[in-house]
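A.B. asks: any chance you could fold what I've pasted below:
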Amino acid sequence: MNRRERLMATIRGEPVDRPAVCFYEINGLEPVDDPDPFNVFNDPSWRPVVELARERTDRIVMAWVPLRNEPSDPLEELTTRTVHDDEQGSRHETLTIKAGRRVLTQRTRRDPDMNTVWTTEHLLKDGDDLDAYLDLPVRPVGGEPDVNGVLDLERRLGDTGIVMIDSGDPLCLAAGLFDMGFFTVVALTEPRRFHRLIERFAPGYHYRTEQVAKALPGHLWRICGPEYATEPYLPPRLFHEYVVPYDRPMVAAIQRHGGVARIHCHGRIRNVLDSIAATGALGLDPIEPPPQGDVSLAYVREKYGRQFVLFGNIEASELENLPTPEFRRRVAQAVREGTTGAGRGFVLMPTACPAGRRISERTLRNYEAMVAAVGA
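C.D. replies: Numbers count the residues shown, from 1 in each chain. Okay, the predicted model is just below:
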């Protein structure tokens with residue numbers, strides 16, 4: 001089988017010649033020659049990892065699909081954005097929204113040596129901010145998917161991999177407006193109010209998902225956001241309440257058009273697996289092992305493997321920190337647990353990728369061990 005055939009067979013629940021292996025965000029298309037100071041991949045230490053991903057992994061490339069001809073957003077007239085770089089080279093962005101008599105402010109920072117954006121000030125800081133936000137006009141849904149980016153990626157990949165369409169969900173957008181402390185208080189103590197916020201975003205996500213799934217049928221999707229409602233942040237009953245009614249229509253649209261929806265959920269998932277299954281999704285990642293998670297891959301395979309293709313479950317900290325002989329044993333365990341007994345399919349994958357500018361020799365050797373473990 002070539003790599004594309006192997007991945008497509010896996011997500012369809014069909015037999016494969018060997019387990020697939022994927023480096024998650026690392027797919028071999030990273031811009032190693034781009035001199036942009038915020039591009040961590042131009043450090044020479046990244047090149048052998050990128051080449052390994054390109055040449056030997058079953059490549060799953062994530063893509064966001066924009067919409068063309070969307071209705072105008074009434075918030076744009078109320079929103080300002082400013083960007084500046086400080087003396088250390090970090091980039092700071094400030095967003096403000098005029099909401100009645102209040103001005104809502106969000107600040108983020110991006111550092112040259114870390115491939116992430118930190119939110120240093122969240123948009124909604126108290127109940128009055130939330131009320132003011134809820135009174136703002138809502139953007140109408142509409143627009144047509146621009147599929148050119150996905151089609152171009154598929155041409156570049158050829159038979160070496162697939163494109164996975166990436167999406168948040170209504171909870172993801174709603175929870176991200178708060179810091180975690182305020183989010184958990186509102187979501188736990190004021191569910192009606194929090195539902196109002198989620199319902200503000202749900203029509204847009206449902207419309208977008210339907211249109212993109214129809215324009216790009218048969219694709220793997222990743223839906224992010226449910227982890228905000230896992231323990232210890234919220235109890236399982238609220239996970240079900242804030243995830244299932246809003247994600248199930250997205251999953252249904254994807255799979256109605258021949259695609260496969262994969263729920264992305266870090267952390268403690270044991271007590272919400274029934275709710276994740278209730279969305280109808282056919283894939284689950286990254287199934288973090290204890291102590292970051294609270295369930296073994298073997299348990300998920302036994303109880304839910306007939307529904308889900310399982311993606312995981314090598315912890316990113318193991319990838320970066322375990323001595324390679326010990327890491328090989330950990331990978332062997334994941335392959336064994338992910339493929340033993342009846343199940344839909346398994347893809348060996350880390351839970352995340354390193355975010356720093358330099359890749360250590362140990363991390364490179366451990367990436368090589370992942371590839372070797374499945375005979376890639």
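A.B. asks: which residues touch residue 263?
C.D. replies: Residues counted as contacts of residue 263 (C-beta atoms under 8 Å, 6 or more residues apart in numbering) are 223, 226, 247, 276, 279, 281, 283-285. To be clear about C-beta, it is placed using only N, CA and C from the backbone, and glycine gets the same treatment.
A.B. asks: nearest spatial neighbour of it, skipping sequence neighbours?
C.D. replies: The shortest distance from residue 263 to any non-neighbouring residue, by C-beta to C-beta, 6 or more residues apart in numbering, is to residue 281 (4.6 Å).
A.B. asks: name the residues of stretch 293-303 that are buried.
C.D. replies: Buried residues in stretch 293-303, counted by 16 or more other C-beta atoms under 10 Å: 293-298, 300-301.
A.B. asks: so residue 60 is in which element?
C.D. replies: strand 59-63 (DSSP states H and E).
A.B. asks: quick one: mean pLDDT for that strand?
C.D. replies: Averaged over strand 59-63, pLDDT sits at 98.
A.B. asks: can you give me the mean pLDDT across the next helix or strand after it?
C.D. replies: The first helix or strand that comes after strand 59-63 along the chain, using DSSP H and E, is strand 67-68. Here strand 67-68 scores 98 as its mean pLDDT.
A.B. asks: do the same with stretch 20-36
C.D. replies: On average, stretch 20-36 scores 97.
A.B. asks: now do that stretch: distance to the chain's middle.
C.D. replies: The chain centre lies 16 Å from the centre of stretch 20-36; the measure is C-alpha atoms, centre = their mean, to the nearest Å.
A.B. asks: buried set for it?
C.D. replies: Result for stretch 20-36 [16+ other C-beta under 10 Å]: buried residues 20-30, 32.
A.B. asks: and for stretch 356-364?
C.D. replies: Neighbour counts over stretch 356-364 (16+ other C-beta under 10 Å) mark 356-357, 359, 363-364 as buried.
A.B. asks: do stretch 185-197 as well
C.D. replies: 186-187, 194-195, 197.
A.B. asks: what does stretch 195-214 give?
C.D. replies: By neighbour count with 16+ other C-beta under 10 Å, stretch 195-214 contains the buried residues 195, 197-198, 200-202, 204-213.
A.B. asks: quick check: longest helix of this protein.
C.D. replies: Identified as the longest helix of the chain according to DSSP state H is helix 191-215.
A.B. asks: name the helices or strands packed onto that one?
C.D. replies: helix 127-134, strand 144-145, strand 161-168, helix 170-175, helix 180-189, helix 236-256 (3 or more C-beta pairs under 8 Å, 6 or more residues apart in numbering; DSSP states H and E).
A.B. asks: chain center to that helix, what's the gap?
C.D. replies: In terms of C-alpha atoms, centre = their mean, the centre of helix 191-215 is found 17 Å from the chain centre.
A.B. asks: tell me the mean pLDDT for it?
C.D. replies: Computed over helix 191-215, the average pLDDT equals 98.
A.B. asks: and the angle for that helix with helix 180-189?
C.D. replies: Per axes from the mean of the first three to the mean of the last three C-alpha atoms, to 10 degrees, the angle that helix 191-215 makes with helix 180-189 is 100 degrees.
A.B. asks: what's the closest of the contacts of residue 263 to residue 148?
C.D. replies: Comparing the contacts of residue 263 against residue 148 with C-beta to C-beta picks out residue 223 as the nearest, at 22.8 Å.
A.B. asks: bridged to the residue nearest to the spatial centre of the chain, which residues?
C.D. replies: Nearest to the mean C-alpha position of the chain, by C-alpha atoms, centre = their mean, lies residue 224 at 4.7 Å. Per DSSP bridges, the residues bridged to residue 224 are residue 168, residue 264.
A.B. asks: let me see the contact set for it.
C.D. replies: 166-169, 172, 264.
A.B. asks: okay, and the beta partners of residue 117?
C.D. replies: Here residue 117 sits in beta bridges with residue 110, going by DSSP bridges.
A.B. asks: my guess is it contacts residue 108, does it?
C.D. replies: Yes. Contact between residue 117 and residue 108 holds when scored by C-beta atoms under 8 Å: they sit 5.2 Å apart.
A.B. asks: coming back round to it: mind putting the buried residues of stretch 293-303 into JSON lines with pLDDT?
C.D. replies: Below are these laid out as JSON lines (pLDDT from 0 to 100):
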{"residue": "293", "pLDDT": "96"}
{"residue": "294", "pLDDT": "97"}
{"residue": "295", "pLDDT": "97"}
{"residue": "296", "pLDDT": "97"}
{"residue": "297", "pLDDT": "97"}
{"residue": "298", "pLDDT": "97"}
{"residue": "300", "pLDDT": "98"}
{"residue": "301", "pLDDT": "97"}
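A.B. asks: most widely separated two among those residues?
C.D. replies: Farthest pair in those, by C-beta to C-beta: 294 and 301, 15.7 Å.
A.B. asks: ok so, going back, closest to residue 112 among the contacts of residue 224?
C.D. replies: So of the contacts of residue 224, ranked by how close each gets to residue 112 (C-beta to C-beta), first place is residue 166, at 24.5 Å.
A.B. asks: look up the closest residue to the closest one, ignoring the ones flanking it.
C.D. replies: For residue 166, ignoring the flanking residues on the chain, the nearest one in space by C-beta to C-beta, 6+ apart is residue 62 at 4.4 Å.
A.B. asks: which ones are touching that neighbour?
C.D. replies: 25, 27, 163-166, 222.
A.B. asks: list only those of these flagged as buried.
C.D. replies: By neighbour count, with 16+ other C-beta under 10 Å, the contacts of residue 62 hold 25, 27, 163-165, 222 as buried.
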